[in-house]
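> Model the structure of this input:
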Amino acid sequence: MTRIALDAKLLGRSLIFMLLLCWPLMLFGRPGYFADTLAYYTGGDKAVGSVFHRLSPADPTPSSAPVSKVTPPPADTHDVKSARSIPYSVLAFGLRGADRAMTPLAVMQAMMVAFIVSVFLAVINVTGVRWWATILWLALATPAAWVASFAMPDVFAGLTILIIAIMVFRADRLTAPVTVGLCGIGALAISSHASHVAIAILLLPLGLIWRAIQRPASGQPHVRSVSWLWMAAPIVLGILAVVVSGFIGFGEVSVAPKRLPLVLARSIGDGPARWYLDRHCPSEHYVVCEIYGRDIPKTSNDFLWGPSGVATLATPSQMQRLRNEEQDIVYRATMAYPLQQLRASLTGLTRQLIHFRIVEENFNIGIAPGKTAAPVFRADSRMSTDLRDMADTLSEISAALALVWLAVGFPAASPERRALALFLVAGIVANAAVCAILSGASDRYQARVIWLAPLAAMVIPTPFRRRTPRSPRPAAAQEDSA
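Got it, this is the predicted structure:
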């Protein structure tokens, strides 16, 4: 069995695929942006400023005072209402580029996608014409290039699923440098957004079950122990990065420090939490009742971001109380209206699974030039509606083709390849469930992982070619040829 090494062949393929993934970046001259892009930038600015502040002398003299180009940290971390992922915020700020357009960030994301996909294709023995067809399929007919060129952590959702899949099924095919690289990128991917932590936790039991029923190929017991450690390493390191950065930044031990009350907002939008609070606000002393009385916004977006949303009205102490009370309110509301919540969640899950248009990856705004303390957006239209529509159509055709490929070729695949393909599909479904049920269905959330569907198809032997009878061969040889 040939092991995948960090050699010129792997790096060369990664470079070729990276260049293909960068086509939106080259076409528009900058990454795509979203409203939260600037929040990540400023969050990284403050995080780096906090480090400078702590490492600086307590009372520096004028001649020795450090010159910092970063924003000073808040006087008290308790004054922070909410925060995004600290690891990704620091990455976004560090890779902002001289013009603060975050082009280096997008290039780095494309490099990581190219490397992980190249490793995956190598471990499932995709070579030659099939390799070229796969990377062209991914780069031109799926949202992979769009999300890689998007100055948001979205692309790391797909990488989270793909890296865990490699570690579960093919960690024994990797040399130490490649394994360490996957663990590092996996830790960053998982720590870059709270939803990625949830996806990893959902996939972990599936990986544990598969590893538990496998026998070490070498017959040596220690092989199984090592494979279990490598499978868990990206998840443990990613969660550890979130917890440590949250403790350093806010003195809070949490897998989602300073999070927004997204789950409560989703329950309010679905109805149960709003109905529950309407009945119990007179008798309970929840902070949401303190802010709104019984006039609670009816949609999750209005509750979070509207003119009367908690992001605007709530004080930092009220926001912390909201986080503390969120689980209790959502649990009680779900128990009071279980069927209504189930119906709303299933509706959201269904919608999330089938909607993955490139809607919110905005290439028609840019970062305004200047030396202001915080960057601001400006209108700068560079993307036509026709191009967006064509990309959406190609993505839909691509997903449908991948599903047909899986359905037709599935019976002929080996048990391990069936399990690997199903694991990737489970990751896509897990992403939809996490986003739709805990936050709210959005095309952007599923676009960030739907590009995994062609990779799941590539795990399965080509179903459309006519097979000629041939003499029986050992199972291992059949697996390699698949």
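> how about the strands of the chain, start to end?
Secondary structure of the chain (DSSP state E): strands located at 365-367, 377-379.
> What is the distance between the last one and the centre of its chain?
With CA atoms, centre = their mean, to the nearest Å as the basis, the distance from the averaged C-alpha position of strand 377-379 to the chain average is 26 Å.
> circling back: dump the strands of the chain into CSV; add mean pLDDT, distance to A39 and mean neighbour count as well.
In short, each C-beta sits where N, CA and C put it, glycine included. Shown next, in CSV, are the strands of the chain (pLDDT from 0 to 100; distance: least, CB to CB, whole Å; neighbours: other CB atoms under 10 Å):
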stretch, mean pLDDT, distance to A39, mean neighbour count
strand 365-367, 82, 14, 21
strand 377-379, 80, 12, 11
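> biggest helix in this structure by residues?
In the chain, with assignment by DSSP state H, the single longest helix is helix 221-250.
> For it, name the packing helices and strands.
On a contact count with 3 or more CB pairs under 8 Å, 6 or more residues apart in numbering; DSSP states H and E, helix 221-250 meets helix 37-55, helix 86-94, helix 155-170, helix 176-191, helix 194-212.
> Enumerate the positions of the first one that are buried.
The one in question is helix 37-55. The neighbour-count check on helix 37-55 (16 or more other CB atoms under 10 Å) flags 37-38, 40-50, 52 as buried.
> Helices along the stretch 1-150 of the chain, start to end?
Remark: helices assigned in the stretch 1-150 of the chain by DSSP state H, counting those that start in this stretch are 8-21, 23-28, 37-55, 86-94, 103-123, 128-141, 144-148.
> got TSV for these, with mean pLDDT too?
What follows is the helices of the stretch 1-150 of the chain, written out as TSV (pLDDT from 0 to 100):
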stretch	mean pLDDT
helix 8-21	96
helix 23-28	93
helix 37-55	81
helix 86-94	94
helix 103-123	97
helix 128-141	95
helix 144-148	96
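> returning to what we had before: which one of the helices and strands packed on helix 221-250 is the most hemmed in?
helix 155-170 (a mean of 27; mean count of other CB atoms under 10 Å).
> Next, the angle from that helix to helix 221-250.
160 degrees (axes from the mean of the first three to the mean of the last three CA atoms, to 10 degrees).
> Can you show me the CA trace of helix 155-170 as CSV?
Below are the C-alpha coordinates for helix 155-170, written out as CSV (Å, rounded to 0.1, in the frame of the first residue of the first chain):
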residue,chain,number,x,y,z
VAL,A,155,-15.3,27.1,3.2
PHE,A,156,-14.0,25.6,6.4
ALA,A,157,-17.3,23.8,7.0
GLY,A,158,-16.6,21.6,4.0
LEU,A,159,-13.0,21.1,5.0
THR,A,160,-14.1,20.0,8.5
ILE,A,161,-16.2,17.2,7.0
LEU,A,162,-13.6,16.2,4.5
ILE,A,163,-10.7,16.1,7.0
ILE,A,164,-12.6,14.0,9.5
ALA,A,165,-13.6,11.6,6.7
ILE,A,166,-9.9,11.2,5.7
MET,A,167,-8.9,10.6,9.3
VAL,A,168,-11.7,8.1,9.9
PHE,A,169,-11.2,6.0,6.7
ARG,A,170,-7.7,6.5,5.3
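> Break down the stretch 251-400 of the chain into its helices, ranges please.
262-270, 272-280, 287-292, 300-305, 310-313, 316-336, 338-354, 385-409.
> Dead centre of this structure: give me the residue that sits there.
Centroid-nearest residue in the chain, with CA atoms, centre = their mean: A157, separated by 2.3 Å.
> show me the contacts for the residue nearest to it when sequence neighbours are not counted.
Sequence neighbours aside, R448 is the residue nearest to A157 in space, at 4.6 Å (criterion: CB to CB, 6 or more residues apart in numbering). The contact partners of R448, by CB atoms under 8 Å, 6 or more residues apart in numbering, come to P143, V147, D154, V155, A157, G158, N431.
> for the stretch 251-400 of the chain, which spans come out with low pLDDT?
For the stretch 251-400 of the chain, applying pLDDT under 70 flags the ranges 369-373.
> related to what we said a few turns ago, closest to F356 out of the helices and strands packed on helix 221-250?
With CB to CB, the closest approach to F356 among the helices and strands packed on helix 221-250 belongs to helix 155-170: 11.5 Å.
> circling back to that earlier point, distance to L121 added to the buried residues of helix 37-55, as a markdown table?
Shown next, in a markdown table, are the buried residues of helix 37-55 (distance: CB to CB, whole Å):
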| residue | distance to L121 |
| --- | --- |
| T37 | 30 |
| L38 | 35 |
| Y40 | 30 |
| Y41 | 33 |
| T42 | 38 |
| G43 | 35 |
| G44 | 32 |
| D45 | 37 |
| K46 | 39 |
| A47 | 36 |
| V48 | 36 |
| G49 | 41 |
| S50 | 41 |
| F52 | 42 |
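> before we move on, the earlier item: quick check: phi and psi on the residue nearest to A157?
Note on R448: backbone dihedrals following degrees, to the nearest 10 are phi -70, psi -10.
> re the thing from before, let me have the helices and strands packed on helix 221-250 in a markdown table, adding distance to T315 as columns.
Below are the helices and strands packed on helix 221-250 laid out as a markdown table (distance: least, CB to CB, whole Å):
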| stretch | distance to T315 |
| --- | --- |
| helix 37-55 | 19 |
| helix 86-94 | 22 |
| helix 155-170 | 32 |
| helix 176-191 | 28 |
| helix 194-212 | 23 |
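> C22 versus G32, what's the distance?
13 Å (CB to CB, to the nearest Å).
> oh sorry, the question was meant for F34
19 Å.
> Report the contact partners of the nearest residue to L349 once chain neighbours are set aside.
Excluding its sequence neighbours, the residue lying closest to L349 (CB to CB, 6+ apart) is A436, at 4.8 Å. Applying CB under 8 Å, 6+ apart, we find A436 in contact with S345, G348, L349, R351, Q352, Y445.
> One more: A433?
Contacts for A433 (CB under 8 Å, 6+ apart) come out as L202, L349, Q352.
> could you redo the last one with a cut-off of 7 Å?
L349 (CB atoms under 7 Å, 6 or more residues apart in numbering).
> Quick check: G440 touching S300?
Yes. Using CB atoms under 7 Å, G440 is in contact with S300, at 5.4 Å.
> Looking at these two, which is more packed in?
S300 (23 against 20; other CB atoms under 10 Å).
> Near W137, how many other residues are there?
When neighbours are counted by other CB under 10 Å, W137 comes out with 20.
> measure it to G32 for me?
Distance from W137 to G32, by CB to CB: 21 Å.
> Next: L159.
Distance of L159 to G32, given as CB to CB: 18 Å.
> and what of P205?
From P205 to G32 the distance is 34 Å (CB to CB).
> what do you get for L313?
Distance from L313 to G32, by CB to CB: 31 Å.
> Which of those two has more residues huddled nearby?
Each of L313 and G32 has its neighbours counted (other CB under 10 Å); G32 has more, 26 against 13.
> just checking, the more buried one touches V359?
No. Applying CB under 7 Å, one finds G32 not in contact with V359, separated by 11.0 Å.
> Next, give phi and psi for H355.
According to degrees, to the nearest 10, H355 has phi -120, psi 120.
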